[in-house]
Structures are given as structure tokens and as C-alpha cells.
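Asks: Need coordinates for the below:
(chains A and B)
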Amino acid sequence: MKKLVFLPVILLLACTQQPSGSAEVASAPLPGGQSNVKDETSKPDVVRIAVNSNVHKTLVAALQAADYVDALSNVGPFTVFAPTDDAFAKLPAGTVDNLVKPENKATLQNILEYHVYVGNIREDQIRDGMVLNQVNGQNVTLNKTADGKITINGVNVIGSVSASNGTVYVLDGVLLPPEKK
Amino acid sequence: MKQNRLMLIITLGLALLALNGCKPKGPAGVTTGDAASKVYVAPGQYDEFYNFVSGGFNGQMAVYGLPSGRLFRNIPVFSVNPESGYGYSEETKPMLNTSHGFVPWDDLHHPALSTTKGEHDGRWVFGNANNTPRVARISLATFRTEEIIELPNSGGNHSSPFITENTEYVVAGTRFSVPIGDKTDVPISSYKENFKGSISFIKVDPQTGRMNIAFQLRTPGFNYDLSRAGKGPSHGWFFFSCYNTEQAYTLLEVNASRNDKDFIMAVNWKKAEEYLAAGKGRKERARYAHNVYDEKTHTATSTMLDEVTVLDVMELPDIVYFIPCPKSPHGCDVDPTGEYIVGSGKLAAVMPVFSFGKIQTAIANKDYEGDFAGIPIIKYESALHGEVKKPGLGPLHTEFDANGNAYTSFFVSSEIVKWNVQSLQVLDRVPTYYSIGHLCVPGGPTAKPHGKYVIAYNKITKDRYLPTGPELTQSAQLYSIDGDKMQLLLDFPTIGEPHYAEALPASLIKDKSVKIYPIEQNEHPFAAKGEKMARVERKGNDVHVYMTAIRSHLTPDNIEGIRVGDNVYFHVTNLEQDWDVPHGFAIKGATNAEILIMPGETQTLLWKPLAAGVVPFYCTDFCSALHQEMQGYARVSPAGSNTPLKFSTGETASQK
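Replies: The predicted model follows:
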């Protein structure tokens, strides 16, 4: 699998997302975190890669609802498994709409944390059967075939992008954390 | 797959969704209206706290005032400082001597203020050298580095210089395990077999502060990160966070993150003392420097030592116990009561809080789940007070207030989280800008926190200040913790890397601060304690200039008879006995630095003239209205010439 080429075509669009404001944020406005740093020179971080992608609108909305945009704009390093919009669409109807509701924030955070590993695992470091302990504390298993096809918990990795603060692996499915015992 | 990839190439990078437009931004919304008044210290007024902030990779320690964030001093410790001549003057060069020779730089991570009965006593602040392992002691009367001791058998002195309740010991735990002893030329891949940890217990003399390595614990080979002493009920114990229990020796970012749990290492140092008294220590050859600055002679001496006493915890039972702690614990902090130990697994989703009482019960009942290198591993649940669930991402360090609350820094989620130690409930959280490392509550690691503020020492600055090219200042942020909600009051830039910091009330030290060195107590062998004693003496190729400085002349200020090839020592004594009137000395072409000489002090600059001519020298510290007149000449004649040695001040040709 070859690395995807990142094309920094920058179009400033009006924000279509609602701010992820909880009551607390509304009453005492806080400044933006690292995601607000104006820097169009540096290599994009994992968040900007997702934002710049046309197939990760759902993921970006979810990150915003979970208040994880700033965390992932941090220096990391992160390995982010990024399901596409089509991957989210494969979930039962209404799942995503439900998850982004404020009352389900903890559940959403847990799912997103299951897609992030703190540490930059480059493609050439992935070995068949490699286990990663994700941010939510649960493990995922990576598999790699002889011809380089990678899956994570059986979900296909369909591309990868190198970010300033890690690596983004694009998934065609959503990883669902196993029920905790 | 190919088709997918093509689609992604097209779709990725099509649009930047302007996240900036999605959030309130800019500093305007950060602080509420009364923040300025809370940090404003009127001109001429004093700050309430001193804040001792490590300089990280600048090897120094900076002193700030709180709440203003004003910088008062940058104390040179492990790095040379041309500004004062530290490490350049003949008197201070020995301070930086090591078993490797003169080392002009180090990486100072953690200050530790001395304590008595677990409370700040305002005597000394200690600092660790992370690269070439050493511990320094700085006087809080002179704000100068008085002593540095090197640590043999150590690699990366990171879990240091944390101190026991009454400053009985300063500890120094190795970050890197290394091969120790006679057989050190071994394959790196023989880590499991040959690499060992080493924890030094440095005894501190209660009167003088003088340090010596009382004993070293030989421990299993992995990484020792941070530590805290017990206090109150847990006095006599020390707690260290350990990572890389995988014993990886390459690509640790992957290979040291495999185990679900690493360890907190609980050390019963009273037991270690018993073994030591019973003669169970093993004397081992080791070479390390011990450097002491004498305030009377204004001179440091460096002594090489050649032996340490080792207690092997794999052979001597009951000194050490392991407690499992999730995912590469970093911070290992003990609350003011001494009962609770907070382990911060920097990759963990929960933060365990261990109970000292439960640990003791577990040990009594041998409630173990196995061993590591023969050392018992206490069952996690048996040691656990409870877990702080989902506190944030990337917990690093915890400090405490006097009301039973803890403040933990979270690097990944870039925030401080306040939680209650008893109930383990999260009470409040505030973002930091950006990526906080350590944090400091005045008195936060002691038995008696002073509270009021928490200061974030951030790792990333980016756009917080006006840009200064690729290299930016690092950023501290001051938050009020007086109310239920933490409130951001102030950003202030720091020099070096503000790694860790401690703060204490100014009242504990400000009245003890030294103003001058009494000239009659100056025992420097080359002091000229009056202009009449100023002179120049030749001893072979060494020329000693006994020089005095007082407003506004140097004596002598005309020197002849120096020859190319000489070593000229300018021993400059500042005759002033007036607070804040230092003099400086510099000579053209000197290949080192200036020296700054405090009132009553003598300092020496070595100059090796390379060419014949007349060379100017002058006072570098603006001392008076006639500072610019405070100058002189040294005549240098060719090697082998016989220009007579003479010196004078105020003598002119017409007087002859």
C-alpha cells in the first residue's frame, strides 16, 4: 500500500458545524486551544488532515462533539484510525446522530479514544498480530498480509497519511470498543 | 483498493474546514475582569511567593515572583554563565568538574526545596542534572550553587532530587539502567542480563547541608522516572514510578508501551538504613566528583571520590516492593497527609490512587501477585484506594492544596484537572495553552500546602506571544485556586525550559538574603583587602594581579612587564561594602568571559595574551557616575623580553 499524497489545497469555507458548546463553555468563553493556532506553513496535524479530507466530515463532527479537536492538535504523537463517512454510514441508522448528543458525550469519547493510540506507528512498523493499547485503555489488533494489506480488528485500512504529529490510517469501518467486563 | 486510493487522493486535502470559525477565539475571552488586579504587584511592592523554576535544558534555575510572574534571578547551576563568570572564573570552574572532566552544560529538571517536618524551611533548593548525573544544592541566603555531587552507576538522573520529610536524604534514581561494575563493555542486547538500576540516597548534613552518598540501592534493570518521599505516616518510605518494565533497549516509544501495567516502587529506606548499620552494604569502586563552594575563600574545590556502598534489593528482602500501575507511570505524588500516592500512567485511561495503609496491610499479609527479579509485586487491588476514572488524557503530575484536593496536569488533553483525593471525584478542569508538563501549587508537594495558585509549565507556546522566529520562549500560566473554579490569571514567559517548579512564601527567605560579603571575612588566598595590598607578582610564567575594585577605579590600572606566553591571573577583590554594588572585570581578547564580583568578594579571570601590545581592561557592571572611567591598560611585551614588571594607579609621567 502506498502512502497517500496529501494535497494542501486550502479553501476557507464558512463554518458549518455548531460549536461544541456545553453550558460551561457558553457561560465562560474559553479561547481556542491548539487547533486555533494560525499556521498554514507547518505540515498538517492529524486533525487538519481529517478536516482537509472530504470523506471525514462525520469524524470531524464527532471529534468536535467530543471536545477532542484540541487534544489531537497537540504534539502527540498519535496514530489515528479514521473511519470514512461511508464507514460511519454503515452503522445502524441514527447511531451517529445519537452519539453526538451532549448526553452521550462519554460514549462518543470512548469510541473515539478507541481509534487513537498515543505513539506514532508508521506503516513499516506494523507487524502482523501487533496489539496496540488505545487511549480508552482497550486493545486493538493489527494484521498485515504478505502483500502489505493492513486490517485493524478486521476492518480494512484503505490508506495512510503522514501527519506532523503522527499518522492517520483511513478505515472503511468503525471500530467498536468491546463491552467492558 | 487502487480505486479507493485514487478517490482519497482526490478527496483528501480538498477543503480546509475553517475550524477557526467554529470557536470563540483569542485571548479576550480568557480571563475575567478582575484577573489583572489579582496579579498586579504595584511598583516597589513585593510578590507574595518566590517561584523556583528549573531551566530544563539551560541547566540553570530561575527565580520568579508570584503572582506577578516577574523574573528576579537566573541562578547558574550546571551550566556555565558568562554573565557572571560562573564556570569561567578560576574559583567556579571546579564546580563543574566531574569524573568526565569539566562539563559546561546540563539539563536541570526538578527543583526541590528543603523541608523540616514536611514543611518548607527556606534553607536550600536542590536541583538535578539529568544528563551527567549530579545533584546540586543552592543556598537560599546567597542564591548561589554551593555544592554539586556526581552520581556514579547512574544514567540520566531523572527521579531526583526529591527529598525526605526532614531533608534527611535527597534521592537520585537513574532513568536509564546501565551495565554496572567491572563488566560494562557488554552488548546492548544483553540488557536483561547485565543492565541494572541504581537509586542513590544522598545524606544531607542538617546544619551545613553538605551532601554525601550514604548508599545506593541496586535495583532491577528498567527506567526510573519520578519519585516522592512519604511523609507523616509514610515517613521512612519513598515511592518511585518505573516504566519500561518490558526492559526494551530500542524504540522505546513502541517497545516500552506493551505492558498493561508497569510499577510504582515502594522503598522502605528505614529498612535500608538497618541493613547499612548491620554492615550489609557492599563497598564498590566508583569514581565521582564532589564539588563544594566555600563562602569564606569564595572558591570551589573538587574532590574525586572512589567508593560507594551498595545495598542490592534483589538480595536484601523487605527494602523494596512493586505496586502495579497502569501504562508507563510518570508522576508519583504523595498527598499532604502522606496516606495517598497518586500514580499517573501517562498512557493510561484511569489514575490510580494507592493507600499507604493498604500497602502496609498487603505487605503484612503477603498479598502478592508474583514477583519481579525476586521482588514481591503487591496485588493492585490490595494497594488501591481507588481510581480517578476518565480524568483526562495523558496524566503527568499532581500537586495538592490544603483542602484535600489534587491538581493533575494532562499533557495530551492540555488541561489541569482538580479532583478530591478522598472521593476521587473530578471537581473542575481548565485548559492550558498549550500542552502542560509539570505544575506547581505553592507548597503543593509538602505536608502544608500554601495554596492560592496553580502554575502550569507548558511545553508548547506556538502563538501565545509575539513570534520570535522558530525558537520561542516557553510559557507559564498562573491560575487562581482560591474558589471552586480555577481561574486563569496570567501568562508569563520563562527562560530555558520550565520543567518543574516549587514555590514558597517570600517571608520564609527574604529577610535572610545576604547583601554583602564582609571583607574582613574574605579568606581568598589572592584577596587584596585594601588598595595598599594591590600588587603584581610573577612566578615563572604565571603573573598574579592582586587587583581591587572600588568606585570608580581599578588598582592597579597600569600594568607592564607581562609577556606573551604568560598566564595572567586577575584576582579582583571588590572592596565595596554596599548592597548591590558589584563590579565586573573584562579584558580585550580574553577567551573566556567576564567576571562579576560581589561586594567583599574575590574572583579570578585567567588571561593568556597572545600578542605584544597594550591591552585595555574595564569594569563591566555600571557601578557609578564615573563607571566609564573605571578602566586600565596592560602592556604585553614579546616572549623573552625584559620589560620590568611594574604596576600603578594614578601615577603619571609628569610625577616622575
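
Asks: Is the helix or strand encompassing A:Asp86 positioned near chain B?
Replies: If you go by DSSP states H and E, A:Asp86 is part of helix A:85-89. No - for helix A:85-89, no contact with chain B is found by Cβ under 8 Å from any Cβ of the partner chain; the gap never falls below 9.8 Å. All C-beta atoms are positioned from the backbone trio N, CA, C, and that covers glycine.

Asks: same for whichever helix or strand comes after that helix, what does it pack against?
Replies: Downstream of helix A:85-89, the next assigned helix or strand under DSSP H and E is helix A:95-99. Using 3 or more Cβ pairs under 8 Å, 6 or more residues apart in numbering or on different chains; DSSP states H and E, the elements in contact with helix A:95-99 are helix A:57-65, helix A:105-113.

Asks: So which elements touch the helix holding A:Asp86?
Replies: The contact analysis (3+ Cβ pairs under 8 Å, 6+ apart) places helix A:85-89 against helix A:57-65.

Asks: tell me the angle the helix it packs on makes with helix A:105-113.
Replies: 130 degrees (axes from the mean of the first three to the mean of the last three Cα atoms, to 10 degrees).

Asks: Can I get helix A:57-65 in CSV? Just the C-alpha atoms.
Replies: Presented in CSV, the C-alpha positions along helix A:57-65 are these (Å, rounded to 0.1, in the frame of the first residue of the first chain):
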residue,chain,number,x,y,z
LYS,A,57,-16.9,15.0,7.8
THR,A,58,-18.6,12.7,10.2
LEU,A,59,-15.4,12.0,12.1
VAL,A,60,-14.6,15.7,12.4
ALA,A,61,-18.1,16.5,13.7
ALA,A,62,-17.7,13.6,16.2
LEU,A,63,-14.3,15.0,17.3
GLN,A,64,-15.9,18.4,17.8
ALA,A,65,-18.8,16.9,19.8
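
Asks: what pairs with the first helix or strand past that helix going along the chain, and is each one parallel or antiparallel?
Replies: Sequence-wise, the next helix or strand downstream of helix A:57-65 (DSSP H and E) is strand A:78-83. Paired with strand A:78-83 in the same sheet, following DSSP bridges, are strand A:116-118 (antiparallel), strand A:166-171 (parallel).

Asks: Determine how far strand A:78-83 lies from the middle of the whole chain.
Replies: The chain centre lies 5 Å from the centre of strand A:78-83; the measure is Cα atoms, centre = their mean, to the nearest Å.

Asks: Which other helices and strands does the helix or strand A:Val47 falls within contact?
Replies: According to DSSP H and E, A:Val47 maps onto helix A:46-52. Judged by 3+ Cβ pairs under 8 Å, 6+ apart, helix A:46-52 is in contact with helix A:57-65, strand A:78-83, strand A:155-163, strand A:166-171, strand B:16-17.

Asks: pLDDT averaged over the shortest one, what's the number?
Replies: Yep, that's strand B:16-17 we're talking about. Mean pLDDT, strand B:16-17: 38.

Asks: Output whichever helix or strand comes after it as PDB - backbone C-alpha positions only.
Replies: The element immediately downstream of strand B:16-17 (helix or strand, assigned by DSSP H and E) is helix B:35-39. Extracted in PDB, the C-alpha atoms of helix B:35-39 (Å, rounded to 0.1, in the frame of the first residue of the first chain):
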ATOM      1  CA  ALA B  35      -7.700  39.000  36.700                       C
ATOM      2  CA  ALA B  36      -5.300  41.900  36.300                       C
ATOM      3  CA  SER B  37      -5.800  43.200  39.800                       C
ATOM      4  CA  LYS B  38      -5.100  39.700  41.200                       C
ATOM      5  CA  VAL B  39      -1.600  39.600  39.600                       C
END
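
Asks: helices and strands around helix B:35-39, which ones?
Replies: Against helix B:35-39 (3+ Cβ pairs under 8 Å, 6+ apart) you get strand B:487-494.

Asks: Which strands border the strand it packs on, and is each parallel or antiparallel?
Replies: strand B:474-480 (antiparallel).

Asks: Name the residues that touch the partner strand?
Replies: B:38-39, B:53, B:64, B:66-67, B:69, B:416, B:430, B:432-433, B:452-459, B:461, B:464-465, B:486-494, B:496-498, B:501 (Cβ atoms under 8 Å, 6 or more residues apart in numbering or on different chains).

Asks: try 7 Å this time
Replies: With contacts defined as Cβ atoms under 7 Å, 6 or more residues apart in numbering or on different chains, strand B:474-480 is touched by B:38-39, B:66-67, B:69, B:416, B:430, B:432-433, B:453-458, B:461, B:464, B:486-494, B:497-498.

Asks: Is it possible to mark the buried ones in those residues?
Replies: Neighbour counting with 16 or more other Cβ atoms under 10 Å in any protein chain shown marks B:38-39, B:66-67, B:69, B:416, B:430, B:432-433, B:453-458, B:461, B:464, B:486-494, B:497-498 as buried within the contacts of strand B:474-480.

Asks: wait, what's in contact with B:Glu146?
Replies: B:Glu146 neighbours (Cβ under 7 Å, 6+ apart): B:137-139, B:293.

Asks: any idea which of those residues has the most stuff around it?
Replies: B:Arg137 (27 neighbours; other Cβ atoms under 10 Å in any protein chain shown).

Asks: what's the burial count for the residue nearest to that one when sequence neighbours are not counted?
Replies: Leaving aside its sequence neighbours, B:Arg137 sits nearest to B:Glu147 (Cβ to Cβ, 6 or more residues apart in numbering or on different chains; 4.4 Å). Residues near B:Glu147, counting by other Cβ under 10 Å, number 22.

Asks: do the same with the one 10 residues further on
Replies: The number of residues packed around B:Asn157, counting by other Cβ under 10 Å, is 30.

Asks: got a pLDDT number for the residue most central in space within chain A?
Replies: Taking Cα atoms, centre = their mean, the centroid of chain A lies closest to A:Ala82, which sits 4.5 Å from it. Note for A:Ala82: predicted pLDDT of 97.
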